[in-house]
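Asker: Here is the input, now give the coordinates:
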Amino acid sequence: PPERFAAIAAHLGRRHQLPSLITWFGQESRATANSIATESSSHASVAPTLRLSELAALLSGACLFVGTESGPLHLAAAVNTHCVGLYGETSPTAWGPYGSGHIVLQPVEAEVGGARRIREENVLWGVEAFAVCTACDEVLGERPGLAAETPQAA
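Answerer: Residues are numbered from 1 along each chain as shown. You can find the predicted model right below:
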């Protein structure tokens, strides 16, 4: 949900002094990006329209990418940007970002015939902002731990 991405952006801004840039594709996605930026307490802004080559250049200069299993996540990994990947039904074992320095998060799952299966219908709702913030802290070199500005699980 957009409010969770806004909480993550606010956490990165307060704790790490990192501004967030929200990328998007399509008008519905842009409206969501605007909502995230608005709710982030001025810690996020919306990216302009970007060509793929511009997105690659932008990601290569980033110290962290947070997002769902998608083309931009894999592009970030390809340009050696550390990622916190949010996975729903897709197996991060099979489709996670290549390389080291990444953390993938996925809601509670069950093993069914050796394959990963998610128990929830809206699977990404099972990934809490607190868990993403903790993963971001770890990727950025901090030991996991609670901080006053880290959002609590809802």
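
Asker: can you pull the contacts of residue 44?
Answerer: For residue 44, the contacting residues are 6, 9-10, 13, 19-22, 36-37, by C-beta atoms under 8 Å, 6 or more residues apart in numbering. Quick note: C-beta positions are derived from backbone N, CA and C, even for glycine.

Asker: Equivalent analysis for residue 72, please.
Answerer: 23, 55, 59, 65.

Asker: Nearest to residue 46 among the residues you listed?
Answerer: residue 23 (8.5 Å; C-beta to C-beta).

Asker: what's the burial count for that closest one?
Answerer: By other C-beta atoms under 10 Å, 19 other residues sit near residue 23.

Asker: how about the nearest residue to it, chain neighbours excluded?
Answerer: Of all residues not flanking residue 23 in the chain, residue 47 sits nearest, at 4.7 Å (C-beta to C-beta, 6 or more residues apart in numbering).

Asker: Report the contact partners of that neighbour.
Answerer: Taking C-beta under 8 Å, 6+ apart as the definition of contact, the neighbours of residue 47 are 21-24, 33, 58.

Asker: for the residues you listed, which one is nearest residue 99?
Answerer: Distances from residue 99 to these, taken by C-beta to C-beta, are shortest for residue 58, at 18.4 Å.

Asker: Quick check: the two most widely separated of the contacts of residue 72?
Answerer: Spatial extent of these (C-beta to C-beta) is set by the pair 55 and 65 at 10.7 Å.
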